[in-house]
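>>> let me see the structure of the following:
(one chain, ligands or ions: 1)
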Amino acid sequence: MPRRERNQFVKRGQTIEIRIEDYAFGGKGIGRIRNEYGEFVIFVPNTLPGQLVKAQIKKSSKKYAEGKLIEVIIPSEDEIEIPYQEIPGAPYIKLPIEKQHQYKKQSTLELFRRIGKVHDINHKFDEFISSPNTFHYRNKMEYGFSAIGYDSALKADVDEFTLGFKRRGLWWCGENLNTDSGLFDEEVENKLKNIREYCKETGLSPWHGPKKEGFFRYFVVRKSYKTNRLLFNLVTTTHSLAQFDLDNFANYLVDLFGNRVAGFLHTINDEIGDRTIATTGSVNLVYGDDKIVEELCGLNFEISIKSFFQTNPKCAEKLYNKVVDYALEDKSSIDNNVVLDLFCGTGTIGQILASKATNTQIVGVDIVSEAIEDAKKNAKRNGIDGLKFIASDVGKFLTDHPEYINKIRTIILDPARAGIAPKTLKKIINLNAERLVYVSCNPATQARDTEQLILAGYNLKKLSLVDQFPHTAHIETVVLFEK
Ligand SMILES: C[S@@+](CC[C@H](N)C(=O)[O-])C[C@H]1O[C@@H](n2cnc3c(N)ncnc32)[C@H](O)[C@@H]1O
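So this is what the prediction gives:
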């Protein structure tokens with residue numbers, strides 16, 4: 001029996017042309033179909049209000065449908081020319097930055113209203129913090145190799161050695177980055193084609209996604225804004241490794257980038273999953289140093305290739321200043337007290353806070369042991385006392401340390417995109433702290449946690465938004481909760 005369609009407007013698999021009218025959180029354009037049955041909403045990710053787009057319906061329910069962008073037929077009047085190669089990771093690069101801010105602010109506040117149930121969120125809004133550099137702001141890029149390219153004229157896959165990013169919506173296809181994308185280091189991106197040619201000339205194979213085989217997988221670059229130096233990481237499989245001269249490749253990098261090369265690492269990743277990357281597999285140092293030094297808020301941080309470090313360091317300084325401002329608003333709850341810095345990464349926030357407080361003991365917890373090692377060394381290098389760093393899952397740490405219950409006045413939280421696991425959030429609530437400064441790179445999970453925190457007796461006192469990733473749909477938030 002044929003499946004009954006669930007709405008009167010669109011069918012799954014159907015291709016439609018639709019005008020985008022609004023912007024929803026997370027970079028989804030909103031289009032509407034109006035007919036004799038009424039009005040129906042269609043979300044199309046990576047589109048802008050004002051565009052006329054062709055999209056294919058991927059999901060459809062009674063209330064709404066979601067489509068995948070196939071092409072922009074007519075651009076939005078807001079779009080401007082840019083001198084960079086467009087990449088899928090920066091879908092809003094043609095939109096003036098002020099417009100991007102407007103969409104981000106409005107859609108994020110709406111999320112707190114709808115999911116967090118904070119109906120007066122406009123009154124709680126404190127500040128929208130822009131990135132000091134809106135172009136060339138990233139300190140890390142992960143370029144992928146692929147054995148399959150895409151011929152736009154033929155509209156078909158072709159065998160091609162590519163190095164760059166995945167083609168939007170086609171996970172198995174790579175797209176060469178030939179010039180600066182406007183997001184990362186101009187020199188590196190303009191010379192990426194040389195790296196590609198070097199690798200191609202070895203005759204060794206790039207990764208073939210569907211077959212799950214090949215030698216070259218990723219080329220990762222980390223940059224320090226303090227020193228302007230670069231740390232490279234080439235990720236390959238063991239297949240054909242004997243035929244690849246790593247020292248020769250290191251020399252080639254030095255020929256290309258001179259003394260900007262801080263170090264070159266080689267990672268072996270034989271896992272066949274298509275996920276990235278630099279954090280899995282065994283890492284060997286081939287040339288130079290395996291770390292890079294960055295400066296934030298006057299302190300120095302040594303970062304290894306596996307540790308999390310804020311991707312936009314100039315803007316991270318502004319983010320951290322806001323976190324520290326919120327934490328120090330009630331200085332008496334910080335001075336002479338223990339502060340928990342949960343999900344602390346390389347311990348940046350705790351160190352900055354400790355450097356501005358008196359006799360404060362910071363206890364930082366992160367699951368990545370390399371990040372904790374970096375945190376310990378960084379605290380020593382910055383000469384800051386009173387810091388303790390522990391490598392553990394936050395939930396496990398709180399179970400193992402009941403002595404902190406009713407003893408902590410302020411907690412800093414900065415979880416990864418997935419947010420705080422519900423069981424861990426319960427344990428955090430159970431600590432009974434007076435104040436939480438909660439940083440998030442995914443306000444959708446933070447808004448979900450906000451509802452729980454309010455039910456547990458916290459008030460959302462203020463919220464600031466930080467545009468850590470211009471030209472993308474991402475936005476970072478800093479929220480102060482008080483009991
Ligand atoms: C957004 S980063 C924050 C890092 C740090 N606050 C900073 O600004 O550099 C999130 C951190 O959470 C850590 N993490 C993820 N899941 C965790 C867990 N279950 N327990 C402890 N740490 C976790 C990650 O290793 C990562 O360092």
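
>>> going by C-alpha atoms from here, please, whenever you check contacts or count neighbours.
Fine.

>>> which residues of the stretch 301-450 of the chain lie near the ligand?
When proximity is defined by CA under 6 Å from any ligand atom, the stretch 301-450 of the chain lies next to the ligand at 308-310, 343-346, 348-349, 366-368, 392-394, 414-416.

>>> now these: which count as buried?
Buried residues within those, defined by neighbour count using 16 or more other CA atoms under 10 Å: 308-310, 343-346, 348-349, 366-368, 392, 394, 414-415.

>>> pLDDT at the residue of the stretch 201-350 of the chain found nearest the ligand, what is it?
Relative to the ligand, the nearest point of the stretch 201-350 of the chain is Gly345 (3.5 Å; CA to the nearest ligand atom). The score at Gly345 is 92. That number is its pLDDT.

>>> just the element for it, please.
Using DSSP states H and E, Gly345 sits in no helix or strand.

>>> does it really touch Asp366, like I thought?
Yes. Using CA atoms under 8 Å, Gly345 is in contact with Asp366, at 5.7 Å.

>>> what touches both of the two?
Residues touching both Gly345 and Asp366 (CA atoms under 8 Å, 6 or more residues apart in numbering) are Ile372.

>>> just the buried ones among the residues of the stretch 301-450 of the chain next to the ligand: which are in strands?
Among these, DSSP state E puts Asp366 in strands.

>>> list just the nearest of the buried ones among the residues of the stretch 301-450 of the chain next to the ligand to Gln102.
Gln310 (23.4 Å; CA to CA).

>>> roughly how far does that closest one sit from Ala447?
Here Gln310 is placed at a distance of 22 Å from Ala447 (CA to CA, to the nearest Å).

>>> with Arg12 instead?
From Arg12 to Ala447 the distance is 30 Å (CA to CA).

>>> more crowded one of the two?
Ala447 (24 against 16; other CA atoms under 10 Å).

>>> now that one: closest residue in space, sequence neighbours ignored.
Of all residues not flanking Ala447 in the chain, Gly116 sits nearest, at 4.5 Å (CA to CA, 6 or more residues apart in numbering).

>>> show me the protein divided up by domain.
Taking automatic domain parsing as the reference, the chain has its domains at 15-74, 102-133+311-482, 140-296.

>>> OK, contacts around Gly209?
146-147, 171-172, 274.

>>> can you put those in CSV and add neighbour count, pLDDT and distance to the ligand?
Output for the contacts of Gly209, formatted as CSV (neighbours: other CA atoms under 10 Å; pLDDT from 0 to 100; distance: CA to the nearest ligand atom, whole Å):
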residue, neighbour count, pLDDT, distance to the ligand
Ser146, 28, 96, 28
Ala147, 22, 97, 32
Trp171, 12, 83, 25
Trp172, 20, 88, 28
Asp274, 13, 64, 20
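
>>> can you tell me which of those residues are in strands?
146-147, 171-172.

>>> tell me the one of the contacts of Gly209 nearest Pro49?
Distance to Pro49 across these (CA to CA) is lowest for Trp171, with 26.2 Å.

>>> do you know the pLDDT at the closest residue to the closest one other than its chain neighbours?
Distance criterion CA to CA, 6+ apart; nearest residue to Trp171, sequence neighbours excluded, is Gly209 at 7.9 Å. pLDDT recorded at Gly209 is 91.

>>> and if you look at Glu5?
You'll see Glu5 listed with a pLDDT of 50.

>>> looking at the chain, which helix or strand does the model trust least?
Here the helix or strand of the chain ranked lowest by mean pLDDT, DSSP states H and E is strand 299-304, holding a mean of 85.

>>> elements contacting the helix or strand that it is followed by?
Going down the chain from strand 299-304, the next helix or strand is helix 313-328, by DSSP H and E. Using 3 or more CA pairs under 8 Å, 6 or more residues apart in numbering; DSSP states H and E, the elements in contact with helix 313-328 are strand 291-296, helix 348-356, strand 435-440, strand 476-482.

>>> mind listing what's buried along stretch 125-143?
125, 128-132, 134-135, 137-143.

>>> what angle separates the helix or strand containing Thr267 from strand 291-296?
Per DSSP H and E, Thr267 falls inside strand 261-268. Put simply, strand 261-268 runs at 120 degrees to strand 291-296, going by axes from the mean of the first three to the mean of the last three CA atoms, to 10 degrees.

>>> ok, strand 261-268: who's next to it in the sheet?
As defined by DSSP bridges, the strand partners of strand 261-268 come to strand 230-236 (parallel), strand 282-288 (antiparallel).

>>> which pLDDT value goes with whichever residue of the stretch 101-250 of the chain sits closest to the ligand?
Relative to the ligand, the nearest point of the stretch 101-250 of the chain is Asn139 (13.2 Å; CA to the nearest ligand atom). What the model reports as pLDDT for Asn139 is 95.

>>> ok, now which ones touch it?
Asn139 neighbours (CA under 8 Å, 6+ apart): 184-185, 222-225, 311-313.

>>> and after the longest helix seen in the chain, which helix or strand comes next?
The residue-count maximum for a helix in the chain (DSSP state H) belongs to helix 97-114. Following helix 97-114 in sequence order, the next helix or strand is helix 121-124 (DSSP H and E).

>>> could you name the helices and strands sitting against that following helix?
Other helices and strands packing on helix 121-124, by 3+ CA pairs under 8 Å, 6+ apart, are helix 97-114, strand 459-466.

>>> pLDDT on the longest one, on average?
On average, the pLDDT along helix 97-114 is 96.

>>> tell me the angle that helix makes with strand 476-482.
Going by the same axes, to 10 degrees, helix 97-114 makes 40 degrees with strand 476-482.

>>> Ile42 in helix, strand or coil?
strand (DSSP: H, G, I helix; E, B strand; the rest coil).

>>> separation between it and Phe308?
Where Phe308 is concerned, Ile42 sits at a distance of 36 Å (CA to CA).

>>> and the two most separated of the contacts of Gly209?
Ala147 and Asp274 (13.6 Å).

>>> show me what Leu413 is bridged to.
Beta-bridge partners of Leu413, counted by DSSP bridges, are Leu342, Tyr438.
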